[in-house]
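Engineer: Any chance you can model this:
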Amino acid sequence: MAELVMVHGIGPQRETEEELHRNWVRTLARTLRDNGHPGQAARLEDGSLTVAMAYYRHLYDRYAPRNEWDMPLPEPVAAAGEDVAEDIADNIRQHASDPAARDEATRALDELHAEVGPEQGPAEVLRMFVAMLGRLGPIARSGFAALSSTGVFHLGQVAAYLEDETVREGAIEAVLSRVTPDTRAVVAHSLGTVVAYEALHRLEQPLPLLLTFGSPLGLRSVIRRRLRPQPLRSPAHVKRWVNVADRDDFIVATLRLRTLFPDDDAVLERTRLVRNRNTDPHAATQYLRHWETVEPLAELL
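Structural biologist: Just a heads-up that it's a prediction; the model follows:
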């Protein structure tokens, strides 16, 4: 019976549903209050505005590393993770705000492609990509790939969703089980935007708002090849879709998501650009601190 359904993205196993729910709600309430909406903030905080977190991170338990060097990913998942890693580096090469970061990503990709040979399997290539990502400034500052196992596991979450039907269907069900006729908005971050996209195509009742941020929708070699349904189009029952991106968010596939959709798609609006803190440009709470992100919710609620 939640009026607002939140869908998380990639992250550590130790981050529980309760922690994610609390952090998102607290940040959202602060942004509403700071921008002249104390009543909505109070409703969020006291629970009179019902909020649910669609939680699916437990589905990755079998892929969680036991130590820094452990990488329990089957070959298809490792190969998909490699595709994700290359796209992330290419995102930095294409739209990082710092020209030095763009040059750094270009050099790293060229060097890596020169090193990769047919004797290496997907797992070893993925390790090489993770090591490369960990040296790139925008990612190194965020801690995304601080350890080999951490980076592999984060990439593995995206890859496992795309390659493991149990994970995929479980995540989609986590969203659909939270969305009811009372739901007024779905708010999704990172991989959660992919889950929400696929889940909401199965929705059978109207949804006033889909709000996405830090989205990898549109990654060329991964999402656009494996996303369901194809070609890209807004879910039929979604009435408004607002997407938000930071050009230094390395997960963001494109700053112009709208251009990947049909010209007559009137649901998805032009992407709103924000500037998150340089130390963690992909964090969900960084996006929720911006009025550009929260304004559509304020209008709706």
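Engineer: Please verify my assumption that residue 292 contacts residue 274.
Structural biologist: Yes. Residue 292 is within contact range of residue 274, at 5.3 Å (criterion: Cβ atoms under 8 Å). To be clear about C-beta, it is placed using only N, CA and C from the backbone, and glycine gets the same treatment.
Engineer: between those two, who's got more neighbours?
Structural biologist: With other Cβ atoms under 10 Å as the criterion, residue 292 and residue 274 differ in neighbour count, and residue 274 comes out ahead with 18 against 14.
Engineer: check contacts around the more buried one.
Structural biologist: With contacts defined as Cβ atoms under 8 Å, 6 or more residues apart in numbering, residue 274 is in contact with 244-246, 287, 290, 292-293.
Engineer: can you tell me which of those are in helices?
Structural biologist: When DSSP state H defines the helices, the subset of the contacts of residue 274 inside them is 287, 292-293.
Engineer: Would you mind giving those residues as JSON lines with pLDDT added?
Structural biologist: As requested, these are arranged in JSON lines below (pLDDT from 0 to 100):
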{"residue": "287", "pLDDT": "97"}
{"residue": "292", "pLDDT": "98"}
{"residue": "293", "pLDDT": "98"}
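Engineer: how close does the residue positioned nearest the centre of the chain get to residue 88?
Structural biologist: Taking Cα atoms, centre = their mean as the criterion, residue 190 is the residue nearest the geometric centre of the chain, at 0.7 Å. Computed with Cβ to Cβ, to the nearest Å, the distance linking residue 190 and residue 88 is 12 Å.
Engineer: shared neighbours of these two, anything?
Structural biologist: The contact lists of residue 190 and residue 88 share residue 251, where a contact means Cβ under 8 Å, 6+ apart.
Engineer: for the closest residue to residue 37 other than its chain neighbours, what are its contacts?
Structural biologist: Nearest residue to residue 37 in three dimensions, chain neighbours excluded: residue 298, at 5.2 Å (Cβ to Cβ, 6 or more residues apart in numbering). Applying Cβ under 8 Å, 6+ apart to residue 298 gives the contacts 32, 35, 37, 40.
Engineer: Confirm that residue 298 sits in a helix.
Structural biologist: Yes. Checked against DSSP: H, G, I helix; E, B strand; the rest coil, residue 298 lies within a helix.
Engineer: Okay, it and residue 243: tell me how far apart.
Structural biologist: Using Cβ to Cβ, we find residue 298 at a distance of 17 Å from residue 243.
Engineer: Please apply the same query to residue 158.
Structural biologist: For residue 158, the distance to residue 243 under the criterion Cβ to Cβ works out to 18 Å.
Engineer: Only the buried residues of whichever helix or strand residue 123 is part of, if you could.
Structural biologist: Under the criterion DSSP states H and E, the helix or strand holding residue 123 is helix 122-135. For helix 122-135, a neighbour-count test (16 or more other Cβ atoms under 10 Å) marks 122-123, 125-134 as buried.
Engineer: Tell me which stretches of the stretch 1-150 of the chain form strands.
Structural biologist: Ranges of strands within the stretch 1-150 of the chain are 4-7, 51-54, based on DSSP state E, counting those that start in this stretch.
Engineer: got a list of contacts for stretch 258-266?
Structural biologist: With Cβ under 8 Å, 6+ apart as the test, stretch 258-266 has contacts from 217-218, 224, 231-234, 243, 254, 268-271.
Engineer: What's the mean pLDDT across it?
Structural biologist: Mean pLDDT, stretch 258-266: 94.
Engineer: So which bits of it are buried?
Structural biologist: Judged by neighbour count (16+ other Cβ under 10 Å), stretch 258-266 contains these buried residues: 260-261.
Engineer: same check, this time on stretch 74-91
Structural biologist: For stretch 74-91, using 16+ other Cβ under 10 Å, the buried residues are 74, 77-91.
Engineer: Point out where the chain drops to low pLDDT.
Structural biologist: Across the chain, the stretches falling below the confidence threshold (pLDDT under 70) are 65-72, 118-119, 143-153.
Engineer: what about the helices in it?
Structural biologist: Using DSSP H, the helices of the chain run over 17-34, 38-46, 75-95, 99-115, 122-135, 137-140, 148-163, 165-176, 191-200, 223-226, 284-288, 291-300.
Engineer: Now tabulate those in a markdown table and tack on distance to residue 260.
Structural biologist: What follows is the helices of the chain, written out as a markdown table (distance: least, Cβ to Cβ, whole Å):
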| stretch | distance to residue 260 |
| --- | --- |
| helix 17-34 | 27 |
| helix 38-46 | 32 |
| helix 75-95 | 14 |
| helix 99-115 | 22 |
| helix 122-135 | 24 |
| helix 137-140 | 23 |
| helix 148-163 | 18 |
| helix 165-176 | 21 |
| helix 191-200 | 12 |
| helix 223-226 | 7 |
| helix 284-288 | 20 |
| helix 291-300 | 20 |
